[in-house]
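1. no sequence on hand, only this structure:
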């Protein structure tokens with residue numbers, strides 16, 4: 001069981017089973033939502049349990065995706081395409097070790113100019 005929470009603890013979550021290796025997304029929406037690029041893992045909806053959902057707010061950043069964050073402290077928590085059977089969870093929100101390693105970078109064509117990607121992992125332009 002992997003556990004996580006927002007900064008203030010109002011929203012807590014647990015994930016049953018192992019996590020998939022995360023991806024780093026450098027798209028404009030992820031950068032603006034998090035203040036940098038977003039690193040998240042995708043899990044089956046059925047594996048995720050959320051406590052404190054009354055403090056969870058959702059922002060529909062497009063017709064196909066909503067982003068979940070704590071309405072109290074503003075922590076970025078979830079990337080949710082409701083039409084699919086998975087949900088993305090921000091890696092920085094986990095409280096317990098994840099036993100994962102970053103696997104790739106996506107939307108690097110949109111990355112900002114103040115940093116370089118030098119870890120040698122695959123980089124997808126989109």
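-> On my side now, so go ahead. The structure displayed is predicted, hence computed values, not measured ones. Numbering: from 1, shown residues only.

2. and the most centrally placed residue in the chain, what does it touch?
-> In the chain, the residue lying closest to the centroid (CA atoms, centre = their mean) is residue 90, at 2.7 Å. Shown here is residue 90, whose contacts under the criterion CB atoms under 8 Å, 6 or more residues apart in numbering are 34, 38, 39, 40, 75, 76, 77, 78, 79. The way it works is simple: take the backbone N, C-alpha and C, and place the C-beta from them, glycine included.

3. narrow those residues to those in strands?
-> The strands in this structure, assigned by DSSP state E, contain 38, 39, 40, 76, 77, 78, 79 from these.

4. need the residues you listed in a markdown table (columns: distance to residue 123 and neighbour count).
-> As requested, these are arranged in a markdown table below (distance: CB to CB, whole Å; neighbours: other CB atoms under 10 Å):
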| residue | distance to residue 123 | neighbour count |
| --- | --- | --- |
| 38 | 15 | 25 |
| 39 | 14 | 18 |
| 40 | 17 | 23 |
| 76 | 22 | 20 |
| 77 | 26 | 24 |
| 78 | 25 | 20 |
| 79 | 19 | 22 |
